[in-house]
Every structure is written in structure tokens, then in C-alpha cells.
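Student: What follows is a predicted structure for the sequence shown.
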Amino acid sequence: MGIEVVSGLSATRGAWTSPDFTFIWSATEQGSTLVVGCTFGGGTATNNYATATIPWGSTQSVTMSNQQNNSAIYVQGSVQALWSTNQNSYVVTFSGAMIEPNVNNVISSNENGLAVDSEPIIVAVYLAGSSNNAKPAES
């Protein structure tokens, strides 16, 4: 048994109960891959989806693929997994931007606010319960 943590981001220009956009991240094992997903949309209508499939144990960056119902909002960038030595725990980071043009943007950036891939956003983490655990069970 392990611990899973995923990110949910919401941005608003007004009341916190009325978000301009929402992004909810996930990471799911499917066979020998880790599928990273993000449901997102304007307000709370998260009917858009972006995915990337990372081979289990790979540290290569993978570009997100968008499947959108609302083309005015999108995820543009890539994800990368960092693994424990025995590959039973991981941290997934996102480099790029979560965008609704002329409203709000969430970007991976440095301390000066400049967009850079070297300063990724942590979007999912799985911490195995012990060093003897295998990778997480399939969902």
C-alpha cells in the first residue's frame, strides 16, 4: 500500500467559488506504462482531456496530447517521471502551460516569471509503502 498525491489547479479573477478554469491531474499504471492525464476546462466544466504515456521506468520527457471539446482552453507541454531506484515510487512533473487565452495561464517558470522547462510543476506523486513493494497495482 502506498500514497498517491495528484494536483488540482483552479484560477479565478473573482470569487473563489467561480473559477475561470480548472485542471485536475492523474497518473495511472496501464501495463508497462504510466498514463498521465489532465482533465480541464472553463470553470468547473472539465470535459477536455490531455494525456501522455510514459514507459515504466523511463525518464524521457513525453508531449501531452489534447482531446478538447473547448478549443479555447488547452494544455501545452510535456511530462516527465522521476523514479525511485527500484521503480516502485515516482514523481511526475509538467513543463509548459495550462492556458485559457486572455483569462489566466499557469506556466512552469523561474523565479523571474520567465517560462522555462527547467522549472517544472509537480502534478503527481506515488510513494510506495516500503522498499519491498512492487509498482502500484493496475486500476
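Tutor: Thanks, I have the structure now.

Student: contacting residues around residue 59?
Tutor: Counting by C-beta atoms under 8 Å, 6 or more residues apart in numbering, residue 59 makes contact with 80-83. From N, CA and C alone the C-beta is placed, and that goes for glycine too.

Student: wait, residue 34 sits on residue 91?
Tutor: No: here residue 34 does not reach residue 91: they are 11.2 Å apart, not a contact under C-beta atoms under 8 Å.

Student: where do the contact lists of those two overlap?
Tutor: With contacts defined as C-beta under 8 Å, 6+ apart, the residues adjacent to both residue 34 and residue 91 are residue 81.

Student: So between these two, which is more surrounded?
Tutor: Taking residue 34 and residue 91 together and counting by other C-beta atoms under 10 Å, residue 34 has the greater number of neighbours (26 against 18).

Student: Tell me where the model's unsure across this protein.
Tutor: Scanning the chain with the threshold set as pLDDT under 70 gives 1, 13-19, 113-118, 130-139.

Student: Now do the strands in it.
Tutor: With DSSP state E as the criterion, the chain has strands at 3-6, 8-11, 21-30, 33-42, 48-55, 62-63, 65-67, 74-83, 90-100, 104-107, 121-127.

Student: Run me through the strand neighbours of the first one, direction for each.
Tutor: This means strand 3-6. When pairing is defined by DSSP bridges, strand 3-6 lines up against strand 121-127 (antiparallel).
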